[in-house]
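J.: Here's my sequence, what's the structure:
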Amino acid sequence: MRKRVAISDRRSVACDFRSPASRLAPRASHLRFSLLTLLCAAAAACGPSVKVKPISLSDPALSQNARRFLADSEDAVAMTRAWRDAAAAELSRARGREAQLGRSAGSFSGDARALEALEAFSKLGRANSALAGSRLMLAGAELALARQKFSQVTAEIATQHDMAIYDLETIRRRTDEARKAFDEARRAVERERRTVEDLNTAWLKAYAAYVKSGGNPAPFWLKVE
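T.: Just a heads-up that it's a prediction; the model follows:
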C-alpha cells in the first residue's frame, strides 16, 4: 500500500508574486557583485534533479485544492519568466546609456570640473549596468526557484493522489538549494544598490559644481529607447 504524504504548507511552495524590484527597498554598496559566489550557489541548485511528469488540471482525480496549488505554482513560473525578460531589457538599456556617454565624452571641455563630473558620471553608469546585471541574475534565480517549486508541488500532488511515486526528499532538497541561490542573488542586488546610491551622491555633487562653474550640461542628457 502506498504511503500518502501531505502537500507542503502553501506558504513554503507558493512564489511571492511581487516583482523583485518591489520586494527590495531602494538601497545601494561599496562591495562589488560577487559573481563567482552566486554562480557557485546557482550551480549547487542545478545538480541532479528528479524528473517530474506534468499533471493536467483537468484530471478528474485531482481535488479542488490540488488544482489550485498546481495552477498557482504554474502561474508563478510564467510571471517570473516575464520579470526575467524585463530585467534583460533593462540591462540592455543601461549598457546603451553607458555607451552613449562614451560617445559624448568628447563634448566636454578639459577643465578640472568637467573631467571630475565626467569621471563621476562614468562610474555611476558602470555601477548602474552592474546593478541591472545583478537584477537579471536575481530574476533568473527566481525563475529557477519557481520552476523547482512547481516540480515539488506536482510531485507532492501526484504522490498524494496515488498517481506516481517520487523521491520527495531529493526534490525538496533541490527546492532549498534553489532558494539559497535566490537569496544570494538578492543579497548581490542589495550590495549593488548601495554602490549606486553612494556613486549617485558623488555624481550629483560633481555635476552641481560643474554647472555652477558655467559648464554645458547637455552631454549628460542621455536618452536610450
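
J.: so where's the protein uncertain?
T.: 1-49, 104-110, 222-225 (pLDDT under 70).

J.: What ranges does it have for its helices?
T.: Assigned by DSSP state H, the helices in the chain fall at 10-13, 20-23, 35-45, 64-104, 112-160, 168-212.

J.: Which stretch among those helices approaches Pro219 most closely?
T.: helix 64-104 (4.5 Å; CB to CB). Using the backbone N, CA and C atoms, a C-beta is placed for each residue, glycine as well.

J.: Just confirm Thr154 contacts Ile55, I think it does.
T.: Yes. Using CB atoms under 8 Å, Thr154 is in contact with Ile55, at 5.6 Å.

J.: Mind listing the shared neighbours of those two?
T.: Leu70 (CB atoms under 8 Å, 6 or more residues apart in numbering).

J.: how near is the residue nearest to the spatial centre of the chain to Gly96?
T.: The chain has Leu138 as the residue nearest its centroid, 2.1 Å off, counting by CA atoms, centre = their mean. Look at Leu138 and Gly96: by CB to CB, to the nearest Å, they are 21 Å apart.

J.: Same question for Ala76.
T.: For Ala76, the distance to Gly96 - CB to CB - is 31 Å.

J.: And those two? Which one has more around it.
T.: More crowded of Ala76 and Gly96, by other CB atoms under 10 Å: Ala76, with 23 against 15.

J.: and the more buried one, how far is that from Asp183?
T.: From Ala76 to Asp183 the distance is 17 Å (CB to CB).

J.: What is the burial count for Arg67?
T.: By other CB under 10 Å, 16 other residues sit near Arg67.

J.: With adjacent residues omitted, what lies nearest to it?
T.: Leu57 (5.4 Å; CB to CB, 6 or more residues apart in numbering).

J.: Please apply the same query to Tyr166.
T.: Ala155 (4.1 Å).

J.: Report the contact partners of that neighbour.
T.: Per CB under 8 Å, 6+ apart, neighbours of Ala155: Val50, Val52, Ala164, Tyr166, Leu168, Ile171.
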